[in-house]
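In: below are the sequence and a predicted model; questions follow.
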Amino acid sequence: METLLYISAVIAAVGAAVEVLRRAGRGTLTTSRKVSRLVDDMLGEPPRPGLPDGRPGLMTRVGRIERRLDALEELRPNGGSSIKDQVDRIAHATGADKPEH
């Protein structure tokens, strides 16, 4: 009878240990997938089936955004050399900036 209790206790202990390891492994797998996605976003991905052009990395995408913002800077007055300043000068010189009566 005691042997049966010991065997039952060992089976329960082994089962509990297996469950703890399974949950820890599942959590580790989920975390590793997230880290892998983060690395792919930062470094980019090469072309592959389903993604023929690949995916640019974070720094490439930030560079594209900066170039777009630089182009928008031309639309703000900056003291004379922006497109906005030049349009304002032309409008003033031609009288197009004065309201019509």
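Out: It's in. In this text the structure is predicted, and so the values were computed from the model without any measurement.

In: ok so residue 32 is a helix residue?
Out: Yes. Residue 32 forms part of a helix when assessed by DSSP: H, G, I helix; E, B strand; the rest coil.

In: which residue comes closest to the most centrally placed residue in the chain once chain neighbours are left out?
Out: The centre of the chain sits closest to residue 41, judged by C-alpha atoms, centre = their mean, with a distance of 5.8 Å. Spatial nearest neighbour of residue 41, chain neighbours left out: residue 58 (6.2 Å); criterion: C-beta to C-beta, 6 or more residues apart in numbering. Bear in mind the C-beta positions are built from the backbone N, C-alpha and C, glycine included.

In: relative to residue 40, how far out is the one you found?
Out: Going from residue 58 to residue 40 by C-beta to C-beta, to the nearest Å gives 10 Å.

In: on that earlier part again, check contacts around the residue nearest to residue 41.
Out: By C-beta atoms under 8 Å, 6 or more residues apart in numbering, residue 58 lies in contact with 41, 42, 43, 44.

In: pLDDT wise, what is it at?
Out: Among the per-residue scores, residue 58 shows a pLDDT of 91.

In: what's the neighbour count on residue 82?
Out: The local packing of residue 82 (other C-beta atoms under 10 Å) involves 15 other residues.

In: so what's it up against?
Out: So residue 82 contacts 73, 74, 75, 76 (C-beta under 8 Å, 6+ apart).

In: mean confidence for stretch 83-97?
Out: 85.

In: quick one: contacts of it?
Out: 74, 75, 76, 77, 78, 79.

In: low-confidence ranges, this protein, go.
Out: Residue ranges of the chain with pLDDT under 70: 101.

In: what ranges do the helices span in it?
Out: Counting by DSSP state H, the chain has helices at residues 2-43, 58-73, 83-94.

In: now those in CSV, with distance to residue 50?
Out: Shown next, in CSV, are these (distance: least, C-beta to C-beta, whole Å):
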stretch, distance to residue 50
helix 2-43, 14
helix 58-73, 20
helix 83-94, 42
